[in-house]
Each structure stands twice: as structure tokens, then as C-alpha cells.
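Novice: I would like to see how this sequence folds:
(3 chains, ligands or ions: 2)
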Amino acid sequence: MATEERRSGPDGVETVDADDVDAADILGSAIERREDPSLLTGDAEYTDDIQLPDSAHAAILRSQYAHARIEGIDTSEAEAMDDVVDVFTAEDIDVPGNLPTAWDLDTLRTVDHPVLAEDRIRYQGDALAVVVAEERYQAHDAVDRIDVDYDRLEAVTDPETALDDDAPVVHEEEGTNTAFDWEIGDADETDAAFAEADHAVGIDVTNQLLIPNAMEPRAAIADYDDSDDELTLHMTTQNPHVHRLLLSGVIDHPEHKLRVRAPDVGGGFGSKIHHYADEALVALAAKRAERPVKWQATRTETYLTDAQGRGHETHAELAVDDDGTIRGLRVDTAANMGAYLSTFAPAVPTYLYGTLLSGQYDIPAIHCEVSGVFTNVPPVDAYRGAGRPEASFVVERIVKEAADAIGMDPTELRRHNFPDPDEFPHATPVAMEYDSGDYDKTLDRALDLVDYDEFRERQERAREEGRYIGVGLSCYIEACGLAPSELVGELGAGAGLWESGLVRFTPSGTVKAAVGTSGHGQGHDTTYAQVVANELGVDYDDVDVDEGDTDALPQGMGTYGSRSAAVGGSALVQSARKVVDKARKIAAHQLEADPIDVEFEDGEFYVAGAPDRSMGVQDVALEAYLAHDIPDDIEPGLEATTFFDPDNFVFPFGTHVAVVEVDPDTGEIEFEDYVAVDDVGNQINPKIVEGQIHGGVAQGVGQALYEGAEYDENGQLVTGSMQDYTVPKAEHIPDMETDSTTTPSPVNPLGVKGVGEAGTIAAPQAVVNAVVDALEPFGVEDIDMPLTNERVWRAAHGNGGDS
Amino acid sequence: MERDITLTVNGTEHELSVEPRTLLIHALRDEMGYTGPNVGCESSTCGTCTVHVDGKAVKACTELAVRAEGSEITTIEALNEDGELHPLQESFQEEHGLQCGYCTPGMVMTAAEFLEEEPDPDREEIREALEGNLCRCTGYQNIVNAVETGAEKMRTETAADGGTVEGGD
Amino acid sequence: MEFDGTVSIEGVTMDEVWLALSDPVMIKQALPGCQFLVEVEEGDVDFDALAASAPDEDPPTLPEASPEDIAERAFVEGGRYAALMEISVGSVSPSFETVVTIEEREFPHMYAGGEGSASNSSFEMSSWMDLVETEDGVDVEWGAEADVFGRVAQMGQRVINPVANRVVGRFFDSVESQISDVSTDDSSGLRDRVSGLF
Ligand code: FES
Ligand code: FES
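Specialist: Ligands and ions are numbered 1, 2, ... in the order given. As a prediction, the model looks like this:
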């Protein structure tokens, strides 16, 4: 790393102890997280930590082949083993057992996705049989003793080949691998724009398949009580209510007799949103055995089954004038959907991708066509960023190419096409209306931090010395907090995308907040408590936050798409305000004043003009529950629930800049600098924001330089363990300098935008642009991700770096 | 084919019967209930299962339980003493060196052993020392900060005590 | 995965090498982890029965064995052979139940195809071999193409390639040393008897 000295950059925001923060400042303070002590001492409870009495262990047999017909499954040897409790295959279950897709498109071919493969294998992760045994090892031993007779079929793994006429067909009955064809924008207008523009620049980009790699593998433990038909599932989930709903249909168990609970969850990044076969199988196993059954995926199993991300092959063209004005953009993408349509899969390469292709720019005409394609790889669905990184990658790569083509500085070309801050809300030709933005500000700040002007001179001097440094920009836009529900329904969602928040005073004046989101590392207990404490004017420590349990909360939608603060946080704000309104009436009654005259500030109600006639909200809570002396038209109790359905998405934005040095002789890339300037609207806790950016950037750098799920020509995953799939290590990730601007969102009462995915969306193209910039003297225009030493070396030596 | 063994974990002796192939991590978690160390890869890559065996950071997914007989094993559960967080645990919280926390017990145990040997490392040395511990959430920067800060705290404590710091071992 | 190579053996004749490489017993001994290698009929192979009936000790190979005996048991074109091969890959040691068919066998060329399966893993392969006479002996030119499936494949090429190289390497080392034995031990006029067979 270039940065050896610790400097102000890597230190970042300084945290404070909540006790040292004035109540009035709690919102926006970088307080230490309250969830940390339990996570730091081993007290945390992840799914596999749960030990229920008399529980058995399940193991699941996966396929040897990526594509095959099943001729027979012989489980007799496994069944005969000591300590094996149960073995079952598709033949043995009589529930619908079909995993649903919760997003529809006009042309979508919905295909069956059985929880246990019946006669056909479509990817290696397909489950063939479930073994339940007394102990973990025995279950795995027994799985090895199941004999499957396969008839292997040719496999196909990349979407472009899968569209060839002679490609093996994944879903035979469909007769084609096309899962859907989708388009957005105006083709004629775009053609016209190209006809008129001075230049057209084209690129072909691959956005490789990635494995999400939450450090905690997926796991579930199911507990069934026969006497009252209650089924409880503790599982690694980002959205317990969604899982409950889907699971209830899949295993035909009444939803109100089903409880889904997320204990501590060790990361998700999208991979724990989707409904997989496994949790349904564990639930079925527990019902069959009438005892608790636990399952945890091995790492290899997660690699074979967790929905993967990205997987795009794209050709894009940009129409641009001599002065840098962008006239139009045309994009054609083949998107790998994998073997089946995972839960929200159809939305990812369409409404989360095509709609973001305007980037930060004012582009008059855009047309985008996407083919979703079935292949013999695991289902592809949302992975951190989900569609938006792919879009931003296309836009930021082609903008850089265009700048090079017309001989304009890439920062100038970008700036030339930004909408003015007073042009917001800004409508794009791909159906979005950006809420607020000031793109010059983040760009300027970032360029300042890397000393851009000086850099170009330095680059010149370095080249003369035979050293190759490069700078890469990424001016990204993100859309999060998908909403409103009515709109997403029109777009095909099988769900609404509101969020619930409950705020409840206890009689003694402390507060319970419950939210339908389900954090798994984001620090929700801390940030939601900051939000609620601020609204109610109570002490931060008096607020406790619950999440992740269908039995303990109102209905919820979960945590993904950077929506929790914007939608869940806003639901809490509204509930807190309802609570204050009710408390105001009770306080007014107690203070013998008209509610209109009662003001509320810092947790105190007081009569306007008579501040000594006052009552704390926590005392009001007691009165509300005593109900001895409250207004006649007011019910006892003090709580409120809100289902918040925002009017629009929120659109965070920012500029990331990577500065790298490339050694053309070895292909090695070293970071000199990485600067991230993000505008995520108001910040509830700047330290947590910083952490989200860091982690996001690391995953983006991982994609740019190291990661990729690779399959051989038979569809066998060859990056099947952590020894083969490079999850970046500490040495791989540079120290970053993070900074921010604040453009509040008008869409929600907190003015927040969302930050969970920003880094992952921004980073890959910043890094690739930097490497390409460094290798400009070698005539390098493009290198496919991941930029391994070999690919970089090849590119610098002019032999097929981009193949 | 099970074997009776005695393992000393966090100062407590446990008698258990395990198969010869039982991994230390599974003995700790499934048999003895020490669920602080986690399983992330079963291939000695991720470090989430890191514990101390006789004071050395060891990946418990690559060690057989029977081979740990007679050793002193320390898990994250014993790093804090008398309800007080270990300086490293404190600094992980202060520096926001954890998000989901799944890698954290392993990270902290690896860092604790490393700082015993190198009480005043620079950032690059810290990154190298953590090469066997993967974190998918934090991007490592705040972990490196936490180890730096923790080192500082431990040095101060050592200076104050005139002795060595090693919580729990 | 594809492998190929050339093994040069000095001081031997084409006939000797051909005969040695035609001997299932010698091949069995040269293959690391091979429990047995026997000719089988068409149809399902009962590996348990074969394992039970496999002799504890192998009959002698060249130079002890008589060339006539070897010619008697030599691979034949169209012949089908079953083998049980235990191969350690990473932390696992699957036993592959393998069936090989000699598709072509015409001096000095052999081509065989086969497949093996173990619990949760399998492979398919084809391999060929040509003998080429050189100034001081014989070059065995060989190639193999293999597809690996299931658990072993998931271990990735970084794990599998060295294993495959190890198996191939040991095999040819062993073949080379056995054939060299033949060439140095010419006391009984073995060479004449071998060539007399062709
Ligand atoms: S589980 Fe032990 S190193 Fe990953
Ligand atoms: S904090 Fe989640 S893996 Fe490190």
C-alpha cells in the first residue's frame, strides 16, 4: 500500500460515547454502536449458535452435475445407517414445494423451481435429498451414501452462448433459454440522437458473476410443535416477514402458525433476501421428525446455492458532440439469470438497471434492451447494488471512453452534462425522477482531495521515468428505497415496498421501537434508537429497538436496497410523531390547557407563554397507562404504528476516485489513493455511514481486481471454496479517504437517502478507469474484470487483455 | 469409535467423547457450547474460527479436538475480564471495526496474539497479520484502526502495570 | 482439463514397451492408489464383488513373467476393464469405481475412454498413447483429456491439477522403471521372445 503512515484520511469520523452527547444532538452523532459488546464477546447468537434440546442435524445432497436427467436415487444405504433419523427426496413430500418468483415482467417465462429436484438437474446446487441425523457429521456421512443415477447433459453457463441456436436448453419445456426480453426508453429518439451527434463511441463490457460471500453461511433451525401446529424457523434472513409469507405457500403451512425469526445475522449483501429451497426443506424435516432440525450450509454449499450477482454481457454506444454534450445512449445487455428465477431476480437487470442508465447526466435519449437468459449456474439475483452497479459501470466506462475519443478531460465531459442543482427533481428518459442532487459539489470535493490538476503533471513526469500511474473517476447515482408501492406493483412487484415502525412507551417512560426491517450488521439498533430518541426527546438509553421476528413486530418488508433508514426510519419518525400528538392531548388535559397551546420541545410539553406549566413526555406515558385522568375521547396507552410508503425513491450520489500505479511488466496494481465523496442526504450516524462506504468500496474493489465465479465448460464451479474464490483480504484493500456533502432528500421526513450500496456501485469503474488511464501509453482501452495481474500484463503487451 | 478426552477451555476442564475426526471448532461449539468462535469456510481461509491454543492463534477448523487434549484453549468468551472489555474489544467498538460481527471473534483473537509479539505495528504490518482473517463487511480500514488503537491502549496499560497485558489467557 | 507429455525410455525396443504397456498387471501396479484392474463383461460392474475376489498378490510382471503369459492377459481392443482407484484430493480420498474401454489398439497406438465415480464426485476421460522409435530407445507420447464433476471439481483447478500431475507423474515413473528393468535384464533372451510375439 502506498499509505503506510496513518494520516487523517483513514482515521475517518471519530466516534463518541452516547452518554457524552447532548440529547438534542443525538441525531447525527457518530455514537458507538450499542450492538457491539455482545458481538465482541461471543455473546451474539447466530443461527448455528442456537442449540435447542433434542435437535437433529440436516444435510442436503447437491448434484454432481450442472445439467442432468435423474434416472434414480437410491437412499437405502443412507437410511440404514445408525443415527440417521430420516431421508427424503421429492417423491416423499406432498406440499407444493415450488419456489415462487415475486416479480413479474410482461414477457417473463415463469418456470417451476422445485425445492427437491424431481427428474431434472439444472445447476449443481439443485437439492436431491435431505438427510436428518442425530449429529452434524453423521448427516454429512449419510449424504455421501446416497446413490444417484444421472444422465449427464451438456451445460451452458454464459448468457450469450446460451442464446445460440444449438445451446443446451435449461428448461426443455420452454424450448428456449430466453427468460424475458425487456426494454426501456425510446428507440426512435435514440436513433435520431445518434444520427445527429458528432461521434458515436462503443464498448463491450462484461460484468462478471460474483458470489456475495456473507461471512456467515446460510443456516436455519426449525422447531415444530405438533400439538398446536406452531412452526418456528430461526434463520439467516434479511426479511423475515417476506420469508414467512413465501414459505407458508411453499410448504403449505398457515402463515399465522409460522414464525420466522432472524437472530444475529452475519452479513447478507442480498444473499439472505431470497427464498431458497433449503429453509423450506429444514422446515419440512422438522415437521416430519417432530423435533428441531438444524442445518448450516458449508462454504462450498453457499457457493453452489446462494444467489449470485451481476452476470451481464453488454454492448453500449454513446452519442456525443465535439463539445462533450451527450446526445444519446444505447445499451444491449444479456443478463444471466441462472437456472431458475430467484425471488426478485427479474427486477434486477431491468427496473434496477435500465432505469439507472442516465447516471448523473442529462441524456436526452436512451434506449436499453435486456434479455434475461437461463443458464446452468445458480440463480442470479440481488447482490449488493443489484443492477445499479452494472448500470453505473456501463455509464462511467463509456463516458471515460467518450472523453478519450473526443480528446476531452473526463472530468470536464462529466461536468458538462450534469443537471444544475436547481433542475431537481430531474426526470430522466428512463422513467426516474431524481429527488435532489448537486453533482458538481461531490466531484469538486473529490478532485480536490486527490489534487487532480497536479496529478496530470505528475502522471506526465512519471511516464517519462517509465512509471505508469492513472486516475479513475466514478460519478455514480444510486436509487434506493424503492417506492411507492403502487408504482412498484405496476412494475411487476409481487409485494408492496412500504415499511412499518412501531413506537411504544412503557408505563415507566422507556420506549420500545419495533421495525419491519431486519438488520444484519448495519447497526439498526443504534441508528433507530437515535431517530426515536430525537423525535421523542427522551434519553437514547431509554429506547430499545426490536427487529427480525415475525411474532414480535408488525408486518414488515425487510432490509435490502439501502431502504432501512429511508423507509423504516421514516416509519419510526411518523409513529413517534403520532405518539407525541396523542401525548400532547393528554398533557394538555393534565395541564388544563388547549392542545393547540401546548408546545413540545426536548421531551417536554409546556403551555405556550407559560413554560413553567410543563410535563415530561415520560410522565405523560404513565398517565396514559394509568388512564385515571385522560380526555374522554382518548384511549389509554401510548403507542403508534405507521406503515410508511414513500412517494418516490431516493437518489444518493457521489464521486469516487481511484489513483493507481500499474507495473506493466508484472501486471501488478497498487493503490496510491482512494477517495470517496458521497452524498447520502442527512446522516443519522456518520460513523456507520463511513463503515457502509468502506465495506461497499471493498466489495467493489473486490469485483474490479479479484473476484469472479468461474465455471468450466460442463458448468462445474471451479471457484468452489474460499481458497479459489478470492474474497479480498486486508492487504488487498487500500486505505480510503471518505468525505461527504449533504443534500437532504425531500422524499422522507429524515431527509436521508441510503448508503448501504453506494460504495459497491461506485468502486469498480473508478478502479478500472484508473488502470486504463495508467496504461494509456500502451494503447489499452479496456480490460475485463477482475483485473488480474495476468490480464493487465496481457493488455499492456497487446495480447488480448480483454478476452 | 468415540474417544474420551479432556479439554481445558477458558480455564474450565471439560470431559467429552468425540470421534477422532471431530474438529476442535465443532467440539467447542456443538459439544461444549462455546459459540463465540464461528465457522465460515472449513478450509482454514477465513479465520472466523480462531481461538488461542496455548497462547497461539489457531484456526479451530483445521485442528482435531483429540489433538488439543492437554492444551489450554482460550476463546473470545474469555478475553474480557470481570465484565471489562479487553482493550482490543474496546477499540473495535470505538473505531467501528465490526458490522455484522461474524468475523470479529476471530479477528480479535488473531490481533490479540499478534500484538503480544508486535506491540507497536504499523498499518501495513497489521494488514499482513490479518491476512488469515476475512471480513466482508468493514473493508478492513476500521479494523486496522481498531488494532492500532488497541495496541496503543495495551502499551499504555503495560506501561502502567509494568507488566504484560493478555486478557484472559 | 488436458494433459499430455512424452516419456523417453532408453535402451528399449518398441516391442518391449508395447508389451509392458499392454499388461494390465503392470498398469495396475504403476497407477497410484489402484486396488485392482480386471477385465469385465458388458453391463453393470459389481465393484464390491471384484474387490472381494481380487487376488492379494499380483502375478509377476516383466521381466519375471513370461512374455507369452503377458500377451495372453494383454489389453484387447474393445476390452472393458474395471478398476478401483483411491486418490487423495485435498482433505478427502474418494475411491473411484472406474470402467475403462480400450477403444483402439493397434501397434504402436492405443486409445482408451473411461469414467469413474465416487460418492459425490466423478470423472470422464479419454486418453491416447503412441510409441515412437528414437535413436536410443522409445518415446511414449501420450495425452489425456479429463472432465471432473462434483465435490472434487469444486475444489478448483488449483487443487486438482497438482493431483492429476502427481498421478500421471508417478504412473510414468513407475512404468519407466519397470520397462528399464526389462531392458537391463536380457539374460534369458527375453527381448527375442518378446519380439517373437509380434
Ligand atoms: S472456518 Fe476456520 S478458517 Fe474459516
Ligand atoms: S463484520 Fe461482518 S464479516 Fe466482518
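Novice: ok, the helix ranked longest in chain B near ligand 2 or not?
Specialist: Longest helix in chain B by number of residues, with DSSP state H as the criterion: helix B:141-161. No. Shown here: helix B:141-161 not in contact with ligand 2 (Cβ under 6 Å from any ligand atom), separated by at least 7.7 Å. Backbone N, C-alpha and C define where each C-beta goes, glycine included.
Novice: starting at the chain centroid, how far to that helix?
Specialist: The chain centre lies 16 Å from the centre of helix B:141-161; the measure is Cα atoms, centre = their mean, to the nearest Å.
Novice: Next, whatever residue of chain B ends up closest to chain A: phi, psi?
Specialist: Using Cβ to the nearest Cβ, the closest approach of chain B to chain A is made by B:Gly36 at 2.3 Å. Dihedral angles of B:Gly36 (phi, psi; degrees, to the nearest 10) stand at phi -60, psi -60.
Novice: Could you list the domains of chain A?
Specialist: Domain assignment for chain A by automatic domain parsing gives A:47-153+A:218-296, A:309-482+A:648-796, A:498-644.
Novice: what about chain C, any weak spots by pLDDT?
Specialist: Applying pLDDT under 70 to chain C flags residues C:182-192, C:194-198.
Novice: Please list the residues of it that sit near chain A.
Specialist: Within chain C, the positions near chain A by Cβ under 8 Å from any Cβ of the partner chain are C:119-122, C:147-151, C:153-159.
Novice: which residues of chain C fall in helices?
Specialist: C:14-21, C:24-30, C:47-53, C:67-73, C:151-154, C:157-184, C:190-196.
Novice: Ignore what I typed, I meant chain B.
Specialist: Taking DSSP H as the test, the helices found in chain B are B:24-26, B:87-94, B:104-117, B:123-129, B:141-161.
Novice: Make JSON lines out of those and add mean pLDDT.
Specialist: What follows is the helices of chain B, written out as JSON lines (pLDDT from 0 to 100):
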{"stretch": "helix B:24-26", "mean pLDDT": "97"}
{"stretch": "helix B:87-94", "mean pLDDT": "97"}
{"stretch": "helix B:104-117", "mean pLDDT": "97"}
{"stretch": "helix B:123-129", "mean pLDDT": "98"}
{"stretch": "helix B:141-161", "mean pLDDT": "93"}
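Novice: mind giving me the domain ranges of chain B?
Specialist: Annotated domains of chain B cover B:3-78, B:87-160 [automatic domain parsing].
Novice: Mind checking if the longest one is in reach of ligand 2?
Specialist: The reference is to domain B:3-78. No. On the criterion Cβ under 6 Å from any ligand atom, domain B:3-78 is out of touch with ligand 2, staying 7.8 Å away.
Novice: For that domain, what is the distance to the chain centroid?
Specialist: Distance, stretch centre to chain centre, for domain B:3-78: 11 Å (Cα atoms, centre = their mean).
Novice: That one spans what distance, first to last residue?
Specialist: Start to finish, the residues bounding domain B:3-78 are 27 Å apart (Cα to Cα, to the nearest Å).
Novice: out of the helices of chain C, nearest to A:Phe344?
Specialist: helix C:151-154 (26.9 Å; Cβ to Cβ).
Novice: Can you tell me which of the helices of chain C is most buried?
Specialist: Comparing the helices of chain C by mean neighbour count (mean count of other Cβ atoms under 10 Å in any protein chain shown), helix C:151-154 ranks first with a mean of 25.
Novice: Can you say which two of the residues of chain C next to chain A are spatially most distant?
Specialist: C:Ser119 and C:Arg158 (22.5 Å).
Novice: Could you count how many residues lie near the closest residue to B:His52 other than its chain neighbours?
Specialist: Once flanking residues are discounted, B:His52 sits nearest to B:Thr74: 4.1 Å by Cβ to Cβ, 6 or more residues apart in numbering or on different chains. Residues within reach of B:Thr74, counting by other Cβ atoms under 10 Å in any protein chain shown, total 25.
Novice: now A:Arg791
Specialist: Neighbour count of A:Arg791, defined by other Cβ under 10 Å: 19.
Novice: Hmm, it is touching A:Leu775, no?
Specialist: No. Using Cβ atoms under 8 Å, A:Arg791 makes no contact with A:Leu775, being 11.2 Å away.
Novice: And for chain A, the residue most distant from the center?
Specialist: Seen from the C-alpha centroid of chain A, the residue lying at the greatest distance (Cα atoms, centre = their mean) is A:Glu592, 50.9 Å away.
Novice: What's the end-to-end length of stretch A:292-299?
Specialist: Stretch A:292-299 has its terminal residues 23 Å apart, counting by Cα to Cα.
Novice: hmm, it touching chain C?
Specialist: No. Using Cβ under 8 Å from any Cβ, stretch A:292-299 never reaches chain C; the gap is at least 10.1 Å.
Novice: That stretch vs chain B: in contact?
Specialist: Yes. Stretch A:292-299 reaches chain B (Cβ under 8 Å from any Cβ) through A:Gln296, A:Thr298, A:Arg299.
Novice: Mind checking which of those residues land in helices?
Specialist: With helices taken from DSSP H, the overlap with the residues of stretch A:292-299 next to chain B comprises A:Arg299.
Novice: just the residues of stretch A:292-299 next to chain B now: which is nearest A:Ala565?
Specialist: Nearest to A:Ala565 among those: A:Gln296, at 30.4 Å, using Cβ to Cβ.
Novice: How about the stretch 151-300 of chain A: which residue is closest to ligand 2?
Specialist: Closest residue of the stretch 151-300 of chain A to ligand 2, Cβ to the nearest ligand atom: A:Met215 (3.8 Å).
Novice: tell me the mean pLDDT over stretch A:251-268?
Specialist: The pLDDT scores in stretch A:251-268 average 97.
Novice: first vs last residue of that stretch, how far apart are they?
Specialist: 24 Å.
Novice: And for stretch A:706-721?
Specialist: By Cα to Cα, the extent of stretch A:706-721 from end to end equals 14 Å.
Novice: Check which residues of that stretch are buried.
Specialist: Across stretch A:706-721, burial judged by 16 or more other Cβ atoms under 10 Å in any protein chain shown covers A:706-712, A:714-721.
Novice: now swap in stretch A:71-81 and tell me
Specialist: Across stretch A:71-81, burial judged by 16+ other Cβ under 10 Å covers A:Ile73, A:Thr75, A:Ala78, A:Glu79.
Novice: ok, the third one touching A:Val132?
Specialist: No. Under the contact definition of Cβ under 8 Å, A:Ala78 does not touch A:Val132, with a separation of 10.5 Å.
Novice: what residues do those two have in common as contacts?
Specialist: A:Val84, A:Val87 (Cβ atoms under 8 Å, 6 or more residues apart in numbering or on different chains).
Novice: OK, contacts around the most centrally placed residue in chain C?
Specialist: In chain C, the C-alpha nearest the mean C-alpha coordinate belongs to C:Ile27, at 3.9 Å (Cα atoms, centre = their mean). Going by Cβ under 8 Å, 6+ apart, C:Ile27 touches C:Leu21, C:Leu37.
Novice: Now do it against chain B, distance only.
Specialist: Taking Cβ to the nearest Cβ, to the nearest Å as the measure, C:Ile27 and chain B are separated by 33 Å.
Novice: for the residue nearest to A:Glu196 when sequence neighbours are not counted, what are its contacts?
Specialist: Using Cβ to Cβ, 6+ apart and skipping residues adjacent in sequence, the residue nearest A:Glu196 is A:Arg327, 6.5 Å away. For A:Arg327, the contact set (Cβ under 8 Å, 6+ apart) comprises A:Ala193, A:Phe194, A:Glu196, A:Ala197, A:Ala319, A:Val320, A:Asp321, A:Ile363, A:Pro364, A:Ala365.
Novice: Next, count neighbours for the residue of chain B found nearest chain C.
Specialist: Proximity of chain B to chain C (Cβ to the nearest Cβ) peaks at B:Ser43, 8.4 Å away. Neighbour count of B:Ser43, defined by other Cβ under 10 Å: 19.
Novice: Repeat that for B:Asp161.
Specialist: Neighbours of B:Asp161 under the rule other Cβ under 10 Å: 9.
Novice: Brilliant, that's me finished.
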